[in-house]
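Engineer: okay, predicted coordinates and the sequence, questions at the end:
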Amino acid sequence: MYLLYRGGAASPFGYDKHPVDKNCKGTLRVRIIQAAEVKIADVGGTSDPYCEVFVGDPLVKPLEVKTTSVQEKTLSPVWRETFTFSVC
C-alpha cells in the first residue's frame, strides 16, 4: 500500500500540519487500529501478532520502519497506535 500526503488544510484531529522535520514537505500519520482472522501460529491455537509500517522509496533512501506492540495470544489484535512520518 502506498500512502501519499502533501500539505493540506488544518487537521480535523487537532494535529499540527507542519512537518516533524523542518526540511520536509509535510507529515504522514498512520493509525493502526486492529486486525481480524489472524493466522494461527502458536501451538495453543493463537498468535502473537504485531504490525510493521514501511514508508519511503527504497530506491532513494532506506525505508523508515515503525512497529506496533505485540498483542500476545490473540487472533483479533487491537492496537490503536499512531505513527508519524516526515514526508521529504
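Structural biologist: Received the coordinates, thanks.

Engineer: every contact and neighbour count from this point should use C-alpha atoms.
Structural biologist: Will do.

Engineer: my guess is Gly26 meets Ser86, correct?
Structural biologist: Yes - between Gly26 and Ser86 a contact is recorded at 6.0 Å, counting by CA atoms under 8 Å.

Engineer: quick one, strands of this structure?
Structural biologist: 26-34, 52-55, 64-67, 78-87 (DSSP state E).

Engineer: and the first one, what does it pack against?
Structural biologist: Strand 26-34 makes packing contacts with strand 78-87 when contacts are defined by 3 or more CA pairs under 8 Å, 6 or more residues apart in numbering; DSSP states H and E.

Engineer: now the strand it packs on: mean pLDDT?
Structural biologist: For strand 78-87, the mean pLDDT works out to 90.

Engineer: helices or strands up against it?
Structural biologist: strand 26-34.

Engineer: so what are the sheet partners of the strand it packs on and their directions?
Structural biologist: Next to strand 26-34 in the sheet, as set by DSSP bridges, lie strand 78-87 (antiparallel).

Engineer: how far out from the middle of the chain is stretch 40-59?
Structural biologist: How far stretch 40-59 lies from its chain's middle: 12 Å, per CA atoms, centre = their mean, to the nearest Å.

Engineer: now do the buried residues in it.
Structural biologist: Residues of stretch 40-59 classed as buried by neighbour count (16 or more other CA atoms under 10 Å): Thr46, Ser47, Asp48, Pro49, Tyr50, Val55, Gly56.

Engineer: how near is the fifth one to Asp42?
Structural biologist: When distance is defined by CA to CA, to the nearest Å, Tyr50 is 14 Å away from Asp42.

Engineer: look up the closest residue to Leu75, ignoring the ones flanking it.
Structural biologist: Val38 (4.8 Å; CA to CA, 6 or more residues apart in numbering).

Engineer: go on, Val65?
Structural biologist: Closest residue to Val65 apart from its sequence neighbours, by CA to CA, 6+ apart: Phe54 at 4.7 Å.

Engineer: got the confidence number for that neighbour?
Structural biologist: We have a pLDDT of 90 for Phe54.

Engineer: OK, contacts around Ser69?
Structural biologist: When contacts are counted by CA atoms under 8 Å, 6 or more residues apart in numbering, Ser69 touches Tyr50, Cys51, Trp79.
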